[in-house]
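1. no sequence for this one, just the structure:
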């Protein structure tokens, strides 16, 4: 048989079909983000400016191995895209934060609360008030949405109220000492560390649960992302309670770091920081029985501990009358200052304002992360021995618990005016609160995820020696 000839022969007149080529259009994802321009255009203390400056310090070329270089380049590109998206979203932030500015050269720390309240609107001025109570000293806690407030006196008095409208929600006499109080995932349920055990109550003051395993509790802290209630006891134990199931996730002795004077959570990763008589700052996780990191901060007893909202810095205060600020990412001391008097509590606001409670007076410093602890920004006298100070999220207000009651003062520029409506919504309705509660239960993180997320830096540090201060 002969060869089968094709029906159509290619001749010189027939042009071959060209392969389709996509037009040369630049992809926005392939474009490099100019971090220097973002840092200059963004406000000075904004999240975009801080992230852009820190990300600009990362140099993948300093990596020793090719695999590490590619990994750092990929990570830097992904984080730079996030910074760019955050810069684009700042257009929606219409509110601006500002500090006190005097017309003459009068220092701002001489300005009193009466002068501040007379120069602002009535709704904001109502947030400056004082409660004279005879069951102190008092500890307190703000709710997740920043609207409800719970106070607990050492002599057994516990009260829950809306601190903006002054509406009383619940009040009860526990008939025994109350060492600490804390809200849980919603403001309708709260926990109290009483003389013998930890008790959980609802908004009407009815006891829902009693944790008899937690003997002689001293301090409480709640982790909203993991739904864990943390309690430290006078017997030297650290307990983690899962409030969604009622099970004790972890319970172990803190050994020489037991019975701390102050504890604070890192909101970014759920790590618990504690400070005690040894002068060490210890970081704890429910999955590890030993401290993950121990930082020697002071030589004496630590009386105050605070973590900033970004989770990158923490401040400490000790009986040696020193206040220090550390960088969590490299455990280095950034600033130190000597403050006279007995320091009983400190806190850092969302706009890097530091409140220091010494004796019966509160000192507020501004921009302590970048400028250090210099001259005071404001000061206030409460008339009682201070036990706790804490800023309210997204509000220019500072709460002070002391031996003669509770006080709330206005600190202009301390709160971040741009709030996330899913978690921090002071105007949420009853249905929105229920939806948020269900969402928190569905999005709950397991206790195993409560780990030191910067453990990658130990592996990458072998092949990378640059970019100090970058958040891995």
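-> Happy to help now that I have it. A quick note: this is a predicted structure, and the numbers were derived from the prediction, not measured.
2. tell me, which strand in the protein spans the most residues?
-> strand 288-296 (DSSP state E).
3. where are the low-confidence patches of the chain?
-> Applying pLDDT under 70 to the chain picks out residues 1-33, 41-47, 90-98, 420-423, 450-472.
4. on contacts alone, who are the packing partners of the helix or strand following the longest strand of the chain?
-> For strand 288-296, the succeeding helix or strand toward the C-terminus, using DSSP states H and E, is strand 302-307. Applying 3 or more Cβ pairs under 8 Å, 6 or more residues apart in numbering; DSSP states H and E, one finds that strand 302-307 contacts strand 262-265, strand 272-275, strand 313-318, strand 343-348, strand 354-358. Where C-beta positions appear, they are placed from N, C-alpha and C, glycine not excepted.
5. Out of those, which is the most enclosed?
-> strand 354-358 (a mean of 27; mean count of other Cβ atoms under 10 Å).
6. by contact count, what packs against that one?
-> strand 302-307, strand 343-348, strand 361-365, strand 386-391.
7. Pull up the pairing partners for the first one, direction included.
-> In other words, strand 302-307. Applying DSSP bridges, strand 302-307 is found paired with strand 313-318 (antiparallel).
8. domain parsing for the protein?
-> As given by automatic domain parsing, the domain ranges for the chain are 35-93, 108-410.
9. Which parts of the chain are helices?
-> Counting by DSSP state H, one finds helices in the chain at the ranges 35-41, 47-56, 66-89, 113-118, 122-125, 368-371, 430-442, 456-460.
10. Give me the residues contacting the longest strand of the chain.
-> 250, 252, 257, 271, 279-285, 326, 331, 451-452 (Cβ atoms under 8 Å, 6 or more residues apart in numbering).
11. Tell me the one of these nearest residue 80?
-> Using Cβ to Cβ, residue 452 comes nearest to residue 80 of the contacts of strand 288-296, at 24.4 Å.
12. Straight-line length of stretch 178-188, end to end?
-> 19 Å (Cα to Cα, to the nearest Å).
13. repeat for stretch 170-183
-> 13 Å.
14. so how far is stretch 272-289 from its chain's centroid?
-> Chain-centre distance of stretch 272-289: 17 Å, with Cα atoms, centre = their mean, to the nearest Å.
15. Now it: buried residues?
-> 272-276, 278-286 (16 or more other Cβ atoms under 10 Å).
16. want to try JSON lines for the helices and strands packed on strand 354-358, with distance to residue 60 as columns?
-> Listed next are the helices and strands packed on strand 354-358 as JSON lines, based on distance: least, Cβ to Cβ, whole Å:
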{"stretch": "strand 302-307", "distance to residue 60": "30"}
{"stretch": "strand 343-348", "distance to residue 60": "32"}
{"stretch": "strand 361-365", "distance to residue 60": "37"}
{"stretch": "strand 386-391", "distance to residue 60": "38"}
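17. Looking at these, which is nearest to residue 139?
-> Nearest of these to residue 139, taken as Cβ to Cβ: strand 386-391 at 5.1 Å.
18. Who does the closest one pair with, and is each partner parallel or antiparallel?
-> Using DSSP bridges, the strands paired with strand 386-391 are strand 397-402 (antiparallel).
19. Counting neighbours, what do you get for residue 341?
-> Neighbours of residue 341 under the rule other Cβ atoms under 10 Å: 14.
20. wait, doesn't it sit right on residue 361?
-> Yes - assessed by Cβ atoms under 8 Å, residue 341 is found in contact with residue 361 at 7.4 Å.
21. circling back: for the helices of the chain, which one ends up most surrounded?
-> helix 47-56 (a mean of 20).
22. That one to helix 66-89, inter-axis angle?
-> 160 degrees (axes from the mean of the first three to the mean of the last three Cα atoms, to 10 degrees).
23. Helix 47-56 - contacts with which helices or strands?
-> Using 3+ Cβ pairs under 8 Å, 6+ apart: helix 47-56 touches helix 35-41, helix 66-89.
24. closest to residue 126 out of these?
-> Comparing these by Cβ to Cβ, helix 66-89 comes nearest, at 31.8 Å.
25. For the closest one, name the packing helices and strands.
-> helix 35-41, helix 47-56, helix 456-460.
26. and that helix, how far out from the chain's middle?
-> With Cα atoms, centre = their mean, you get 24 Å for helix 66-89.
27. my read: residue 159 touches residue 150, true?
-> Yes - with contact defined as Cβ under 8 Å, residue 159 counts as touching residue 150 (7.1 Å).
28. Distance check, the spatially most central residue of the chain against residue 86.
-> Among the residues of the chain, residue 309 comes closest to the average C-alpha position under Cα atoms, centre = their mean, at 3.5 Å. Separation of residue 309 from residue 86 (Cβ to Cβ, to the nearest Å): 15 Å.
29. again, but for residue 397
-> 26 Å.
30. OK, contacts around residue 408?
-> Per Cβ under 8 Å, 6+ apart, neighbours of residue 408: 127, 128, 129, 130, 163, 397, 398, 399, 400.
31. before we move on, back to that, generate TSV for the buried residues of stretch 272-289, with distance to residue 48 as supplementary columns.
-> Listed next are the buried residues of stretch 272-289 as TSV, based on distance: Cβ to Cβ, whole Å:
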residue	distance to residue 48
272	29
273	27
274	33
275	32
276	37
278	39
279	37
280	35
281	29
282	33
283	28
284	32
285	30
286	33
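32. From those, pick the one nearest residue 50.
-> The closest of these, once distances to residue 50 are taken by Cβ to Cβ, is residue 273, at 21.1 Å.
33. hang on, the earlier thing: filter the contacts of residue 408 down to just the buried residues.
-> 127, 128, 130, 163, 397, 398, 399, 400.
34. of the residues you listed, closest to residue 424?
-> residue 397 (13.7 Å).
35. my read: the closest one touches residue 391, true?
-> Yes - contact criterion Cβ under 8 Å: residue 397 and residue 391 qualify, at 7.2 Å.
36. Mutual contacts of these two, please.
-> 411, 414, 415.
37. of those, closest to residue 244?
-> residue 415 (30.0 Å).
38. OK, contacts around that closest one?
-> Each residue near residue 415 by Cβ under 8 Å, 6+ apart is listed here: 97, 349, 350, 351, 391, 392, 393, 394, 395, 396, 397.
39. Any idea how many residues pack against the fifth one?
-> Residue 391: 26 surrounding residues under other Cβ under 10 Å.
40. List the beta-bridge partners for it.
-> If you apply DSSP bridges, the partners that residue 391 bridges to are residue 398.
41. Distance check, it against residue 411.
-> Taking Cβ to Cβ, one finds residue 391 at 7 Å from residue 411.
42. between the two, what contacts are shared?
-> Shared contacts of residue 391 and residue 411 (Cβ under 8 Å, 6+ apart): 349, 353, 355, 397, 398.
43. ok, back up a step: quick one: the shared contacts of residue 397 and residue 391 as CSV, columns for distance to residue 442 too.
-> Converted to CSV, the shared contacts of residue 397 and residue 391 look like this (distance: Cβ to Cβ, whole Å):
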residue, distance to residue 442
411, 36
414, 33
415, 29
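44. List the buried residues of stretch 320-332.
-> 321, 322, 323, 324, 325, 326, 328, 329.
45. Now do it: distance from first to last residue.
-> End-to-end distance for stretch 320-332, by Cα to Cα: 19 Å.
46. what's the answer for stretch 243-260, then?
-> Using Cα to Cα, the two ends of stretch 243-260 sit 23 Å apart.
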